[in-house]
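Trainee: here is my input; please provide its structure:
(chains A and B)
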Amino acid sequence: MTLSSLTFLFLFLPVALLLYLILPGRAKIYMLGIISLVFYAWGNPRDIVLLLFSVVFNYASALEMDELLYRRHWTLGKLSMIFTVIVNVAVLCVYKYSSAALPVGISFYTFSALSYIFDVYYDKAPAERNPVYVLVYIGLFSKVTSGPIVQYKDLYAQIRDHQVRLREDFGPGILLFLRGLFKKVLLADPLGLAFAQVTAVTEKTAGLAWLGVCFYAFQLYYDFSGYSDMAIGISRMLGFRFADNFDYPYTSGNLAEFWRRWHISLGAWFREYVYIPLGGNRCSVPRQMINLGAVWLLTGIWHGSTFNFVLWGIYHGAIIMFERFVLKKRLDKLPKVLRALGTDIIVFFGWVLFFSSGLGSAMRYYGQMFGSAGLGFWDAQASFILRQYFVLLLAGTAFAAPFLHNRYEEIMYYKQKGGFLVSAFLYLGLFALCIAEMVSSTYSTFLYAAF
Amino acid sequence: MLGRWKIFAADLLRILALAAIILFLMVQFKGSRISTAAFEDVSGVVIAASGLPAAPQQAEITEGQEQAQEQTEAAETQEQTPEQAETAEVPAQAQEQVQAPAQPGDNQMFKRLYGLDPEAYDGVLLYYPTTNMNAEELLLIKLKGSSQEEIREQQEIVQTAMETRRQTQMHTFEGYAPQQYATLEHSVIDVQGNYLLFVSGDFAQQTQIAFEKSLAQ
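Mentor: Modelled structure (predicted):
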């Protein structure tokens, strides 16, 4: 079940919220555990075995490791940690590299589970004695399918000492959820149609190929950031506060900054559990390069088992190294707009590897971006597609920067008397539009659910 | 002392969880191995196990068109001399064919019943019900493609088509032909890597066993 399906919106979510809200105190957390299991089992009941395994195995492992470390058996503790990590990664790899369909969310909840193990091992958080709490941490229904990969040390207190602040959390949670829904239904899905129309053209002019990349780049952004907003919004309604997963990444001044603003939780995970333990940037330059290389190779592999993704990871890693060790701060004096444009071109260029099914088709697409089709830069077909989706592209570009949202909040909530009423009607109107769109359009899943 | 028990209990839980997941993975991945067995060998075993008449036409789908043409020509010449056929001893095979609940189908029948393109597969063997009141059916498919991902994608498409076909048939018989309905209920859809089998009829189980054996060799 995806968060943007009608079943979820009108059946599952209301029932889940109702059950959660009417139960008293600690019972809420237990109910969340049950709801999460039902949510996960909804689409593919067989895969629940894997989620339950992850919960039980990591629950027991953390307890054992904690006890060993408490008794100062350092080597045994370390061995226990390594064994647990190997088992987790092995199960993930079995699915990533085999012909079986990837169980929903396995990349995301395995990383959550690993965060739990690492945080207990490095003594950043205590081992949990209540298995239901571990279940809620690893499998909370709002985040189990595609993150955000919240780190255990940031969440355990919110689970153990669960606070329900309806007044502070419920309203903002709903608004965030709705914004996510708009992004997904009104921007990402139509952009997906636009992109499909471009890829359907076998012989593309260079301009059309670039236009296609732009469509995909915006689709991916609104799809995943929309999903993240929905997940974070629901979590907030349930009393959990997660950090943002996206922060207007396409306005970044360089690639390193882009990665601090795109899929923030994944970047933070790699920084916390791979980059820093390897020595981070407090070591010699060659060593730093090795560390960065490892992180980017793993980031690529995490996204997919094909060589495309490995290459995509290396591409980003190489440019980040170039920025850090060669360019340094030389470009900082350039206007921000120019730097953001440069960063976007680099990122958009990389997405070709991301959306192509194989290296061959990626190379063909790259060729077309530089006119290999021999049709020149622009033709009538490109004009036709651009005209058809011009407004959508414009909206996609406009909402990718914080300006509109900030101005909106400023006017509605500070300058305009009664602005919040107007705002409420606006949200309701957009919500109705979303529903109309969802009912009429064919079912579409989230792109990131494939990772 | 208590701590040691804790470690022991946690270890026990881990071992149990590991055993469970290994078992689960073994069951799940039993059917994902890509077999190099030739389609002709597997189809031969499957036909023999099902007891359906060996069909010369089956080759039409898998082999080149020449052979198929030869066969249709042969069939035509047979048709041209009906008296001959009547007077001659009816071969055992043909007799079987008359009684058989399912008959071999060609590319077009495959397209019609399953909505799939036969060209997209390395091999297709189809037997479809002889009459509207039969629920016996057999479909064996060998997928094309070498990468795991391609196979995974195709597996899903073919499996869905097989399930849809089964549902359609069940829907047809529901309520008025309980025996046929039961036959379909006990039908088998078996996915083994690049081979998929759908078989409905009394012979379903024995066919499935033979099918899996032929791939294991």
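
Trainee: CA only for contacts and neighbour counts going forward, please
Mentor: Will do.

Trainee: got the contact list for the residue most central in space within chain A?
Mentor: The centroid of chain A falls nearest to A:His263 when counting by C-alpha atoms, centre = their mean (4.7 Å). A:His263 sits next to A:148, A:225, A:245-246 when contact means C-alpha atoms under 8 Å, 6 or more residues apart in numbering or on different chains.

Trainee: can I get those in a markdown table with pLDDT, neighbour count and distance to chain B?
Mentor: Conversion of these to a markdown table gives the following (pLDDT from 0 to 100; neighbours: other C-alpha atoms under 10 Å in any protein chain shown; distance: C-alpha to the nearest C-alpha, whole Å):
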| residue | pLDDT | neighbour count | distance to chain B |
| --- | --- | --- | --- |
| A:Pro148 | 95 | 26 | 26 |
| A:Ser225 | 96 | 25 | 27 |
| A:Asn245 | 97 | 26 | 29 |
| A:Phe246 | 97 | 22 | 30 |
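
Trainee: scan chain B for its longest strand.
Mentor: In chain B, assigned by DSSP state E, the strand with the most residues is strand B:121-129.

Trainee: show residues contacting it.
Mentor: With C-alpha under 8 Å, 6+ apart, strand B:121-129 has contacts from B:39, B:43, B:58, B:61-62, B:101-106, B:110, B:118, B:135-144.

Trainee: from the chain's centroid, how far away is that strand?
Mentor: Using C-alpha atoms, centre = their mean, to the nearest Å, the mean C-alpha position of strand B:121-129 is found 8 Å from that of the whole chain.

Trainee: could you do stretch A:110-129 as well?
Mentor: With C-alpha atoms, centre = their mean, you get 21 Å for stretch A:110-129.

Trainee: CA atoms only: put that stretch into CSV for me.
Mentor: Extracted C-alpha coordinates of stretch A:110-129, given in CSV (Å, rounded to 0.1, in the frame of the first residue of the first chain):
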residue,chain,number,x,y,z
THR,A,110,17.7,-2.6,7.2
PHE,A,111,19.5,0.7,7.4
SER,A,112,17.3,1.6,10.4
ALA,A,113,18.2,-1.7,12.0
LEU,A,114,21.9,-1.1,11.4
SER,A,115,21.6,2.3,12.9
TYR,A,116,20.1,0.7,16.0
ILE,A,117,23.0,-1.8,16.3
PHE,A,118,25.7,0.8,15.7
ASP,A,119,24.2,3.3,18.2
VAL,A,120,24.0,0.6,20.9
TYR,A,121,27.6,-0.5,20.1
TYR,A,122,29.0,3.0,20.2
ASP,A,123,27.0,3.7,23.3
LYS,A,124,25.0,6.5,21.7
ALA,A,125,21.8,5.0,22.9
PRO,A,126,20.8,2.2,25.2
ALA,A,127,19.7,-1.3,24.1
GLU,A,128,15.9,-1.6,24.2
ARG,A,129,14.4,-4.3,26.4
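
Trainee: that one and chain B in contact?
Mentor: No. Stretch A:110-129 does not reach chain B (C-alpha under 8 Å from any C-alpha of the partner chain); its nearest approach is 11.0 Å.

Trainee: show the average pLDDT along that stretch.
Mentor: Regarding stretch A:110-129, the rounded mean pLDDT is 96.

Trainee: show me which residues of that stretch are buried.
Mentor: Neighbour-count burial for stretch A:110-129 flags A:110-121, A:125-128 (criterion: 16 or more other C-alpha atoms under 10 Å in any protein chain shown).

Trainee: contact partners of stretch A:52-66?
Mentor: By C-alpha under 8 Å, 6+ apart, stretch A:52-66 touches A:77-78, A:80-81, A:84, A:88, A:110, A:113, A:116-117, A:120-121, A:126-129, A:131, A:134-135, A:138, B:6-7, B:10-11, B:13-14, B:17-18, B:20-21.

Trainee: can you give the distance of that stretch from its chain's centre?
Mentor: Distance, stretch centre to chain centre, for stretch A:52-66: 25 Å (C-alpha atoms, centre = their mean).

Trainee: count the residues that sit near B:Ser50.
Mentor: Per other C-alpha atoms under 10 Å in any protein chain shown, the neighbour tally for B:Ser50 reads 22.

Trainee: up against chain A, what does chain B have?
Mentor: With C-alpha under 8 Å from any C-alpha as the criterion, chain B comes near chain A at residues B:3, B:6-7, B:10-11, B:13-14, B:17-18, B:20-21, B:24, B:28-29, B:32, B:148-149, B:151-152, B:193.

Trainee: let me know the closest of the contacts of A:His263 to A:Leu375.
Mentor: A:Ser225 (35.6 Å; C-alpha to C-alpha).

Trainee: am I right that the closest one is in a strand?
Mentor: No. Counting by DSSP: H, G, I helix; E, B strand; the rest coil, A:Ser225 is located in no strand; its state is helix.

Trainee: what sits closest to it if chain neighbours are left out?
Mentor: A:Phe246 (6.0 Å; C-alpha to C-alpha, 6 or more residues apart in numbering or on different chains).

Trainee: wait, the one you found touches A:Arg261, no?
Mentor: Yes. A:Phe246 is within contact range of A:Arg261, at 5.3 Å (criterion: C-alpha atoms under 8 Å).

Trainee: does A:Leu3 sit in a helix, a strand or a coil?
Mentor: Quick answer, by three-state DSSP: A:Leu3 is coil.

Trainee: tell me the phi and psi of the residue nearest to the centre of chain A?
Mentor: phi 40, psi 60 (degrees, to the nearest 10).

Trainee: let me see the ranges of the helices in the stretch 251-400 of chain A.
Mentor: A:255-261, A:264-270, A:285-303, A:307-322, A:336-355, A:359-369, A:380-399 (DSSP state H, counting those that start in this stretch).

Trainee: thinking again about what came up before, show me the contacts of stretch A:52-66 that map onto helices.
Mentor: A:77-78, A:80-81, A:84, A:88, A:110, A:113, A:116-117, A:120-121, A:131, A:134-135, A:138, B:6-7, B:10-11, B:13-14, B:17-18, B:20-21 (DSSP state H).

Trainee: are any of the residues you listed buried, and which?
Mentor: By neighbour count, with 16+ other C-alpha under 10 Å, the ones in helices among the contacts of stretch A:52-66 hold A:77, A:80-81, A:84, A:88, A:110, A:113, A:116-117, A:120-121, A:134-135, A:138, B:6-7, B:10-11, B:13-14, B:17-18, B:21 as buried.

Trainee: who's in contact with the host helix or strand of A:Leu37?
Mentor: Using DSSP states H and E, the element containing A:Leu37 is helix A:27-43. Contacts with helix A:27-43, where a contact means C-alpha under 8 Å, 6+ apart, come from A:1, A:16, A:19-21, A:47-48, A:132-133, A:135-136, A:139-141, A:144, A:159, A:162.

Trainee: do the same with stretch A:109-128
Mentor: Outside stretch A:109-128, the residues that touch it by C-alpha under 8 Å, 6+ apart are A:51, A:54-55, A:58-59, A:61-63, A:65-66, A:77-78, A:81, A:84-85, A:88-89, A:92, A:134, A:137-139, A:144-145, A:147, A:149-153, A:156, A:269, A:273.

Trainee: buried members of those residues into ChimeraX, please.
Mentor: Only the buried entries of the contacts of stretch A:109-128 go into this ChimeraX selection, using 16+ other C-alpha under 10 Å:
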select /A:51,54,55,58,59,61,62,63,65,66,77,81,84,85,88,92,134,137,138,139,144,145,147,149,150,151,152,153,156,269
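
Trainee: mind listing what residue 101 touches?
Mentor: Unless you meant another one, I'm taking chain A. Going by C-alpha under 8 Å, 6+ apart, A:Ala101 touches A:95, B:152.

Trainee: switch to chain B, that's the one I care about
Mentor: B:129-131, B:134-136.
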